[in-house]
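>>> coordinates only, sequence not included:
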């Protein structure tokens with residue numbers, strides 16, 4: 001077999017030219033598409049929709065979440081008080097150094 005594009009001699013049955021990459025015409029036709037087996041039954045579609053419980057449009061607040069919020073509030077207040085005390089200590093120390 002000879003490539004029609006570049007003229008190089010190729011092995012018989014090659015699908016592409018090894019020199020230029022041109023697709024070669026082969027004498028055989030494409031294989032037939034696969035057939036479904038004789039006893040094949042396609043999946044059936046149901047008219048019924050699955051039943052899901054209704055989803056609330058608002059967030060559900062549980063006791064655990066309320067506890068987490070309370071801990072967050074206590075932590076923020078404690079942190080604020082700590083910052084005020086530190087600022088007072090630093091301000092007093094700076095006043096003694098420069099005053």
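In hand now; what should we look at? None of these values were measured; they are calculated from a predicted model.
>>> C-alpha only now, for contacts and for neighbours.
Fine.
>>> Helix, strand or coil: sort out the residue most central in space within the chain for me.
Centroid check for the chain by CA atoms, centre = their mean gives residue 55 as the closest residue, at 24.5 Å. Secondary structure, DSSP: H, G, I helix; E, B strand; the rest coil: residue 55 is coil.
>>> What are the buried residues along whichever strand or helix holds residue 86?
Per DSSP states H and E: residue 86 is located in helix 63-98. Along helix 63-98, not one residue counts as buried under the neighbour rule (16 or more other CA atoms under 10 Å).
>>> Give the burial count for residue 7, as a bare number.
When neighbours are defined as other CA atoms under 10 Å, residue 7 has 12 of them.
>>> quick one: it is in a strand?
No: Residue 7: not assigned to a strand; according to three-state DSSP it is coil.
>>> Distance-wise, check it relative to residue 23.
According to CA to CA, to the nearest Å, residue 7 stands 13 Å off from residue 23.
>>> next one: residue 78
From residue 78 to residue 23 the distance is 77 Å (CA to CA).
>>> Alright, calling it a day.
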